[in-house]
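A.B. asks: got a sequence here, can you build the structure:
(2 chains)
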Protein chains: 2
Amino acid sequence: MDIAVIGATGVVGKQCLELLDSGALAGLGRVVPVASAGSAGRDLAAEYGLSLKVDEVVALDDFDPSGLDLAIFSAGAPISRELGPVVAAAGALVVDNSSAFRMDDDIPLVVPQVNPQTMATRPARGIASVPNCSTIQLVRALHPLRALGELERLIVATYQAASGGGLRGLDELAATSRAILDRAQSTGPSAGASGRFGQPLAFSLVPEIGLRDDDGISHEEHKLRREPRKILGLPGLRVAATAVRVPVVNGHAEAVHVTFDRPVDARDALDVLRAAPGLRIYGADDGYPMPRQVCASPESSALVHVGRVRADPDDPCSLLLWVVADNLVVGAALTALEIARLAAESSWA
Amino acid sequence: MDIAVIGATGVVGKQCLELLDSGALAGLGRVVPVASAGSAGRDLAAEYGLSLKVDEVVALDDFDPSGLDLAIFSAGAPISRELGPVVAAAGALVVDNSSAFRMDDDIPLVVPQVNPQTMATRPARGIASVPNCSTIQLVRALHPLRALGELERLIVATYQAASGGGLRGLDELAATSRAILDRAQSTGPSAGASGRFGQPLAFSLVPEIGLRDDDGISHEEHKLRREPRKILGLPGLRVAATAVRVPVVNGHAEAVHVTFDRPVDARDALDVLRAAPGLRIYGADDGYPMPRQVCASPESSALVHVGRVRADPDDPCSLLLWVVADNLVVGAALTALEIARLAAESSWA
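C.D. replies: Residues are numbered from 1 along each chain as shown, chains lettered A, B, ... in the order given. Purely as a prediction, here's the structure:
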């Protein structure tokens, strides 16, 4: 299988190459990293310390998709919108990490642990979409619970890491945090005004991710409503979300309140979650998941971590959960590769 | 008015003295700071840079309450439980920042902007309780909205700052943050295992504040349910909370979903909130409140900041809000002094 990784120098592209290096896709042939012209010629295998054989970085304008089987896009919606259909027309399956096609009716929005049936036939336009990072961990935690009753309503507050803002977001959090720590002891440099997150994030919170519409709902909050509805096949699911950027390096967390169509028991929920693949469950004696620990090893980064599972004391039909996952791995690169694996193992491939 | 500040060397005690220095209480006489024996003799006016005349720090064991009019306790529940009734019996009004007496039926739990009537007569036991920091900002944001309809249900996720863990919490966040930043560039010191917050907080999240009970609900989450019910006089108010410590220096934030007994309009909510005293409201063109900015000046620290007021797209009876306040000022010291002011201005004083 010959593949291209578009956006190979970004945080998600890097994770893709590292996961490929650790054997995430069988039968790998050529690996073509694609990035902006300024990165052309870079040797990413050496830079990232991979044993995987990887071509030199190809500039976007020089990228020739002919002969490729798969292209994973992690370079933002404008590039996906422009280049995705071209690459799909050349015969490669496009797996797109951007928001470009997610809500299109004829594009599957795929979480392999939740709706693998959407890949039972080759996507009509040759493109499959990876959901938003905060959606993936949410639906992976909730889907197994449907064994207890159908989901009626979600109220979600997110705690989203700086890595969601890419390398620039990570650098900015480190630099501004250091400036504040230094200033506390002397008259050091200012922490800067605004940057990747719209407002300074270090030791603070930015309660807006993406632009707000006229109703005051942010783009990220719309994604948290529309995408789970499509993936879960529940167009009437009620969702109210608050999306907040927090000064965490990597790993998104979500405080989830979920209401079912019948009374549910927290112990039953734990049993059902423990039986589901790809989750790590924290019971009464297991503490709780935290972003730094969740993202500390490849094994842990590949799972969705669910803790603090408890009943709503005032509603027998509702539960509360705390869901944490590596937003670059589970939330993007690994899910993209799992979609590619679903395709490779399908009868139509 | 002669007063004592018990716990004067802690983060809340310091705020009390600074607020007194800026004239928060009229007719001030003696100010007696009380702390542990190790701090006896310290000159806090000099240390904190106050022009207020303050006695040398008195050790707890040597503290004589006779002749005092007011004692503000910010030294933890065990000390309040032991010393509060003694000081009240000596004739001083005790205003207690700890959790020791909050849920006692015969102790008023007071937020002057919400239930000032609880101080219309002298408290039977001579003690008035200040609610938990996360409760105060929540009920101050919600109470004015009762003009639109009665509150039926709250679903709250908190983002609570390190200053809630006192000086030790603040020092720990700074030291462990620096260690992580340094380690990113070299093999510097480890960030340490666990400390003031039970787990390492720097660049991460700790989703448990206080111990959990057998139902998996934390102590902080119980406070967020019990205290608003008592303050608002709504014993049947449904509340489900998730309390999370975040790597913010100072300033608690809350993502609030509130359901009313009738349909409500987000614009009406903004109008009602704008007319309420003690709040700063952020409309569509005003951005949103963030902890660092909220705590950046005494004027701002004295207000409850409410932004991101919006309708629940799937429920005409629900609104979402983002509430931020200085947890040491609004959440403790200033509210304690406002309770003292209520008492001083009452007919029974």
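A.B. asks: what's the neighbour count on A:G38?
C.D. replies: Around A:G38 sit 10 other residues, with neighbours defined as other C-beta atoms under 10 Å in any protein chain shown. Yep, even glycine has a C-beta here, placed from its N, CA and C like the rest.
A.B. asks: how about the one 10 residues further on?
C.D. replies: When neighbours are defined as other C-beta under 10 Å, A:Y48 has 17 of them.
A.B. asks: ditto for A:G91
C.D. replies: Neighbour number of A:G91 under other C-beta under 10 Å is 12.
A.B. asks: and A:E82, how far from chain B?
C.D. replies: Using C-beta to the nearest C-beta, to the nearest Å, we find A:E82 at a distance of 31 Å from chain B.
A.B. asks: now swap in A:Y288 and tell me
C.D. replies: 5 Å.
A.B. asks: who's in contact with that residue?
C.D. replies: A:282, A:307-308, A:322, B:207-208 (C-beta atoms under 8 Å, 6 or more residues apart in numbering or on different chains).
A.B. asks: which ones among these are found in strands?
C.D. replies: A:307-308, A:322 (DSSP state E).
A.B. asks: contacting residues for the closest residue to A:S163 other than its chain neighbours?
C.D. replies: Nearest non-adjacent residue to A:S163, counting by C-beta to C-beta, 6 or more residues apart in numbering or on different chains: A:N250, 4.2 Å away. Shown in contact with A:N250 (C-beta under 8 Å, 6+ apart): A:161-163, A:170, A:291, A:295, A:326-328.
A.B. asks: what of A:Q293?
C.D. replies: A:300, B:204.
A.B. asks: A strand includes it, no?
C.D. replies: No: assignment of A:Q293 by DSSP: H, G, I helix; E, B strand; the rest coil gives helix, placing it outside any strand.
A.B. asks: and the pLDDT for it?
C.D. replies: pLDDT, A:Q293: 97.
A.B. asks: so which elements touch the helix or strand harbouring A:L138?
C.D. replies: Counting by DSSP states H and E, the element that carries A:L138 is helix A:133-142. Judged by 3 or more C-beta pairs under 8 Å, 6 or more residues apart in numbering or on different chains; DSSP states H and E, helix A:133-142 is in contact with strand A:151-159, helix A:219-232, strand A:252-260, strand A:304-312, strand A:315-325.
A.B. asks: next, format these as TSV and append mean pLDDT and mean neighbour count.
C.D. replies: Shown next, in TSV, are those (pLDDT from 0 to 100; neighbours: other C-beta atoms under 10 Å in any protein chain shown):
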stretch	mean pLDDT	mean neighbour count
strand A:151-159	98	24
helix A:219-232	98	22
strand A:252-260	99	25
strand A:304-312	98	24
strand A:315-325	98	23
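A.B. asks: in a markdown table, list the ones you listed along with distance to chain B.
C.D. replies: Shown next, in a markdown table, are these (distance: least, C-beta to the nearest C-beta, whole Å):
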| stretch | distance to chain B |
| --- | --- |
| strand A:151-159 | 3 |
| helix A:219-232 | 7 |
| strand A:252-260 | 4 |
| strand A:304-312 | 4 |
| strand A:315-325 | 5 |
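A.B. asks: quick one: closest of these to B:S98.
C.D. replies: Closest approach to B:S98 among the helices and strands packed on helix A:133-142 is made by strand A:304-312 (25.8 Å; C-beta to C-beta).
A.B. asks: what's the longest helix in chain A?
C.D. replies: helix A:166-183 (DSSP state H).
A.B. asks: in that one, which of the residues would be classed as buried?
C.D. replies: A:166, A:169-170, A:172-174, A:176-181 (16 or more other C-beta atoms under 10 Å in any protein chain shown).
A.B. asks: now, which of those lie close to chain B?
C.D. replies: Restricting the buried residues of helix A:166-183 to those within reach of chain B (C-beta under 8 Å from any C-beta of the partner chain) leaves A:173-174, A:177-178, A:181.
A.B. asks: and the contacts of the strand or helix carrying A:A128?
C.D. replies: A:A128 belongs to strand A:127-129 when assigned by DSSP H and E. Here strand A:127-129 makes contact (C-beta under 8 Å, 6+ apart) with A:84-85, A:88, A:93-96, A:100-102, A:104, A:107-110, A:118-119, A:339, A:343.
A.B. asks: buried only: go through the residues you listed for me.
C.D. replies: A:84-85, A:88, A:93-96, A:100-102, A:107-110, A:118-119, A:339, A:343.
A.B. asks: so the nearest residue to A:A275 once chain neighbours are set aside: helix, strand or coil?
C.D. replies: Leaving aside its sequence neighbours, A:A275 sits nearest to A:P144 (C-beta to C-beta, 6+ apart; 7.3 Å). Following three-state DSSP, the label given to A:P144 is helix.
A.B. asks: wait, isn't A:P144 in contact with A:A276?
C.D. replies: Yes: with contacts counted by C-beta atoms under 8 Å, A:P144 reaches A:A276, the gap being 3.8 Å.
A.B. asks: the two: which is more packed in?
C.D. replies: Neighbours per residue, other C-beta under 10 Å: of A:P144 and A:A276, the larger number sits with A:P144, 21 against 17.
A.B. asks: ok, now which ones touch the more buried one?
C.D. replies: A:272-273, A:275-276, A:279.
A.B. asks: which ones among the buried ones among the contacts of strand A:127-129 map onto strands?
C.D. replies: Judged by DSSP E, the subset of those located in strands is A:93-96.
A.B. asks: need these in JSON lines (columns: pLDDT and distance to chain B).
C.D. replies: Putting these into JSON lines (pLDDT from 0 to 100; distance: C-beta to the nearest C-beta, whole Å) gives the following:
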{"residue": "A:L93", "pLDDT": "98", "distance to chain B": "34"}
{"residue": "A:V94", "pLDDT": "98", "distance to chain B": "31"}
{"residue": "A:V95", "pLDDT": "98", "distance to chain B": "30"}
{"residue": "A:D96", "pLDDT": "98", "distance to chain B": "26"}
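A.B. asks: which one among those residues gets closest to A:A202?
C.D. replies: A:D96 (31.9 Å).
A.B. asks: OK, contacts around that closest one?
C.D. replies: Here A:D96 is in contact with A:73, A:80, A:84, A:127-130 (criterion: C-beta under 8 Å, 6+ apart).
A.B. asks: show me the buried ones among the contacts of strand A:127-129 that map onto helices.
C.D. replies: Going by DSSP H, the helices hold A:84-85, A:88, A:339, A:343 from the buried ones among the contacts of strand A:127-129.
A.B. asks: I appreciate the help and will end here.
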